[in-house]
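**Student:** Requesting a structural model of the entry that follows:
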Amino acid sequence: MNANLLTLAQDALGGDFSKLAGQFLGESQGATQSALNSLLPAVLGGIAQKGATPQGATGLMSLINGANLDVSSLGNIAGLFGGGGNGVNALLKTGTSSLVPGLFGDKAGALVNALSSSSGIKTASATNLLAMIVPLVLTFLKKFIGDEGLNANSLASLLSSQGSNLQGALDSRMSSALGFASPAAFLGSLGGQAADTAKRAGAAAASGAAAAATAGKSGFMRWLPWIIGAAVLLFLWNLLSGRSTTTPTAAPTAAVTAPAPAAAAVSLPAKVYFEVGGAAIGADGSKTISAAADLIKKDGLKVVVTGYTDRTGDIAKNEELAKSRALAVRDALKAAGVADGSIEMKPPLMVEVGAAGGDAEARRVEISKP
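**Tutor:** The predicted structure is shown next:
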């Protein structure tokens, strides 16, 4: 069986899902659709990785059956968002409590940050969207397994063949969050056609290198008699003219070793800065968090994570944004290996207008000692 699970899952969600989910999350339909375009291939890829072997497929089926997923909900996606949102809230609870951790483990925080960065939605929205999509996709898969009568072996075969269906759809930031250097490395780990393609590409590259080496060797051999002849003539000329055949030796040059770049140093409190109105962690912030996480783990520290905001504009919105930024930093610390019990969250603090450091100081999260 070579069913395209990505296309089938998109069809199961329906065309209005991005609109309904965007309204629920407080995001635009365009940004929500962009997030879905990045998230669905990553979720299906994570499922394929988990269940690409008979043993893994058995565990995946246990995860799906243990969550009591209702396959009839796929026929009424709009109903999930109606009735005060009871249906979608129950879905979020299921996703957060068992399915997201069961599927992605400690990579969930990094996946949320990558999703927020790639689509522009808030970190809190990315967290909820992940918790919403994982149970929905697993519900779709449960229905598909039942309709097709799949067992662990046939499910493993189906999932391992999905690499070719995910080619071109997987965002590099999402594959990086899942621990792979590139989408190609991610897809190559699934087996099936994608892995075969990678092997053929590697074989072609090796063949090309060998051909280039052979051509270079062949060219050198054609010139070798002429080089030898020229060397003999030069020797005879020096001998007949009484010149020394000793070639002056250049004075040895001391090798200069470039100093190794110093590792990024960080001390507490460490500050992570954000763009205006955004909660996505940038490259500099990621480096700061990574260094802080290493320090926390090395010294066995407990830390406090605090978001900052200013007094201008809507204070409630500012505090919510500061909270989202602090949660993003906490999740990134956890993704870097810091234990949840080592992190304490504190409410947002106000930065006075005109404080030292300017507006940037009001767009920061601090990682500090208690």
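**Student:** doesn't Lys107 make contact with Gly179?
**Tutor:** Yes. Contact criterion Cβ atoms under 8 Å: Gly179 and Lys107 qualify, at 6.4 Å. Just so you know, the C-beta spots here come from the backbone N, C-alpha and C atoms, and that holds for glycine as well.
**Student:** Looking at the two, which one has more neighbours?
**Tutor:** For Gly179 versus Lys107, neighbours defined as other Cβ atoms under 10 Å are more numerous around Lys107 (16 against 12).
**Student:** For the more buried one, which non-adjacent residue is spatially closest?
**Tutor:** Leu178 (5.7 Å; Cβ to Cβ, 6 or more residues apart in numbering).
**Student:** Over to Ser176?
**Tutor:** Per Cβ to Cβ, 6+ apart, closest to Ser176 is Ala114, 6.8 Å.
**Student:** quick one: that neighbour and Ser154, what's the gap?
**Tutor:** Separation of Ala114 from Ser154 (Cβ to Cβ, to the nearest Å): 32 Å.
**Student:** neighbour count winner among these two?
**Tutor:** Ala114 (25 against 15).
**Student:** Can you classify that one as helix, strand or coil?
**Tutor:** helix (DSSP: H, G, I helix; E, B strand; the rest coil).
**Student:** Make sure it is actually in contact with Phe180.
**Tutor:** No. Applying Cβ under 8 Å, one finds Ala114 not in contact with Phe180, separated by 11.9 Å.
**Student:** So which residues of the stretch 151-300 of the chain form strands?
**Tutor:** All strands of the stretch 151-300 of the chain, identified by DSSP state E, counting those that start in this stretch, fall at 270-273.
**Student:** mind showing which ranges of the stretch 201-350 of the chain have poor pLDDT?
**Tutor:** 201-224, 226, 232, 235-265 (pLDDT under 70).
**Student:** now the helices for it?
**Tutor:** 283-299, 315-335 (DSSP state H, counting those that start in this stretch).
**Student:** So which elements touch the first one?
**Tutor:** Yep, that's helix 283-299 we're talking about. On a contact count with 3 or more Cβ pairs under 8 Å, 6 or more residues apart in numbering; DSSP states H and E, helix 283-299 meets strand 270-273, helix 315-335.
**Student:** among the helices of the stretch 201-350 of the chain, which is the most enclosed?
**Tutor:** For these, the largest average neighbour count (mean count of other Cβ atoms under 10 Å) is found in helix 315-335, namely a mean of 21.
**Student:** Against which helices or strands is that helix packed?
**Tutor:** helix 108-119, helix 123-148, helix 283-299, strand 303-310, strand 343-351, strand 364-368.
**Student:** Compare those and report which one is nearest to Gly26.
**Tutor:** helix 123-148 (6.9 Å; Cβ to Cβ).
**Student:** quick one, the closest one and helix 315-335 angle?
**Tutor:** 60 degrees (axes from the mean of the first three to the mean of the last three Cα atoms, to 10 degrees).
**Student:** Using PDB, write out every CA atom in stretch 99-114.
**Tutor:** What follows is stretch 99-114 as a C-alpha-only set of coordinates in PDB (Å, rounded to 0.1, in the frame of the first residue of the first chain):
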ATOM      1  CA  LEU A  99      -0.300  12.400  22.800                       C
ATOM      2  CA  VAL A 100       2.200  15.200  22.200                       C
ATOM      3  CA  PRO A 101       4.600  13.900  24.900                       C
ATOM      4  CA  GLY A 102       4.100  10.400  23.700                       C
ATOM      5  CA  LEU A 103       5.000  11.300  20.100                       C
ATOM      6  CA  PHE A 104       7.700  14.000  20.500                       C
ATOM      7  CA  GLY A 105       8.900  13.700  24.100                       C
ATOM      8  CA  ASP A 106      11.400  16.500  25.000                       C
ATOM      9  CA  LYS A 107      11.400  17.800  21.400                       C
ATOM     10  CA  ALA A 108       7.900  19.300  21.800                       C
ATOM     11  CA  GLY A 109       9.200  22.600  23.100                       C
ATOM     12  CA  ALA A 110      11.700  23.000  20.200                       C
ATOM     13  CA  LEU A 111       9.000  22.100  17.700                       C
ATOM     14  CA  VAL A 112       6.700  24.800  19.200                       C
ATOM     15  CA  ASN A 113       9.400  27.400  18.800                       C
ATOM     16  CA  ALA A 114      10.200  26.400  15.300                       C
END
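**Student:** burial of Asp11, as a residue count?
**Tutor:** Asp11 has 11 nearby residues by other Cβ under 10 Å.
**Student:** Check the spacing between it and Ala3 real quick.
**Tutor:** Counting by Cβ to Cβ, the gap from Asp11 to Ala3 is 12 Å.
**Student:** residues contacting the residue nearest to Ser176?
**Tutor:** 38, 171, 173-174, 176-177 (Cβ atoms under 8 Å, 6 or more residues apart in numbering).
**Student:** Over to Asp171?
**Tutor:** Asp171 neighbours (Cβ under 8 Å, 6+ apart): 38, 41-42, 114, 118, 183.
**Student:** List phi and psi for it.
**Tutor:** phi -80, psi 140 (degrees, to the nearest 10).
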